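**Student:** Build me a model:
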Amino acid sequence: MERTAVFIDGGYLRNIILKLNKNLQIDYGKLAEWMSKDSYLLRTYYYDCLPYQSNPPTPDERKRMSRMQSFLKKIEQLQDFTIRHGTIVKRGNGYEQKGVDVQLSIDLTLLSSKSKITQACILTGDSDFVPAICVAKNEGVKIILFHGPKETYHRDLWNNADRRIEISSSILNKMKL
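**Tutor:** The predicted model follows:
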């Protein structure tokens with residue numbers, strides 16, 4: 001039986017949900033079970049950042065922070081879930097996550113090199129993960145990429161995965177709270 005770890009890039013998943021069904025709230029436990037199929041699920045790792053806060057924070061920023069903290073607290077209570085926090089920085093008119101890619105890459109590499117997993121289910125679209133995926137594959141780990149529609153993921157990531165599964169509106173609707 002496969003020993004699986006699920007890796008979820010929270011920002012990427014949020015973007016897929018916004019693109020496919022703006023008002024959907026999903027059950028992350030169901031999502032992890034669906035991604036790992038019939039294998040032994042060692043752990044689900046969820047990577048995300050708390051929202052940006054100016055100094056002093058605006059009322060809207062406080063509200064977003066409160067919602068995100070509440071959401072992360074619910075995820076933290078799920079069985080065999082681990083949350084990894086990155087930070088968010090303001091860049092010009094936009095925001096950028098920092099530390100999330102590195103943490104996911106380290107977790108994937110460590111679990112693979114210590115033979116803790118035989119399969120990794122990764123929900124992301126960023127090509128920054130390609131080196132870690134190559135290390136995991138060299139350790140014999142099967143990589144299954146879960147991704148959104150074509151324009152939401154990097155082609156190098158897709159090319160380096162062993163299997164690829166597109167997350168559609170109908171799949172997300174099955175994970176509805």
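**Student:** Assign a three-state SS to the residue located most distally from the centre of the chain, would you?
**Tutor:** Largest separation from the mean C-alpha position in the chain: residue 56, at 30.0 Å (C-alpha atoms, centre = their mean). Look at residue 56: counting by DSSP: H, G, I helix; E, B strand; the rest coil, its state is coil.
**Student:** Could you give me the buried positions within the helix-or-strand element of the chain with minimal mean pLDDT?
**Tutor:** Sorting the helices and strands of the chain by mean pLDDT, DSSP states H and E puts strand 94-98 at the bottom, at a mean of 83. For strand 94-98, a neighbour-count test (16 or more other C-beta atoms under 10 Å) marks residue 97 as buried. Yep, even glycine has a C-beta here, placed from its N, CA and C like the rest.
**Student:** And for stretch 166-177?
**Tutor:** 167, 172, 175.
**Student:** Out of the residues you listed, which sit inside helices?
**Tutor:** residue 172 (DSSP state H).
**Student:** can you pull out the strands in this protein?
**Tutor:** Ranges of strands in the chain, per DSSP state E, are 3-9, 40-49, 81-91, 94-98, 119-123, 142-147, 163-166.
**Student:** least reliable of those strands going by mean pLDDT?
**Tutor:** Lowest mean pLDDT of the strands of the chain: strand 94-98, a mean of 83.
**Student:** Could you name the helices and strands sitting against that one?
**Tutor:** strand 81-91 (3 or more C-beta pairs under 8 Å, 6 or more residues apart in numbering; DSSP states H and E).
**Student:** partners of the strand it packs on in the sheet?
**Tutor:** Using DSSP bridges, strand 81-91 pairs in its sheet with strand 40-49 (parallel), strand 94-98 (antiparallel).
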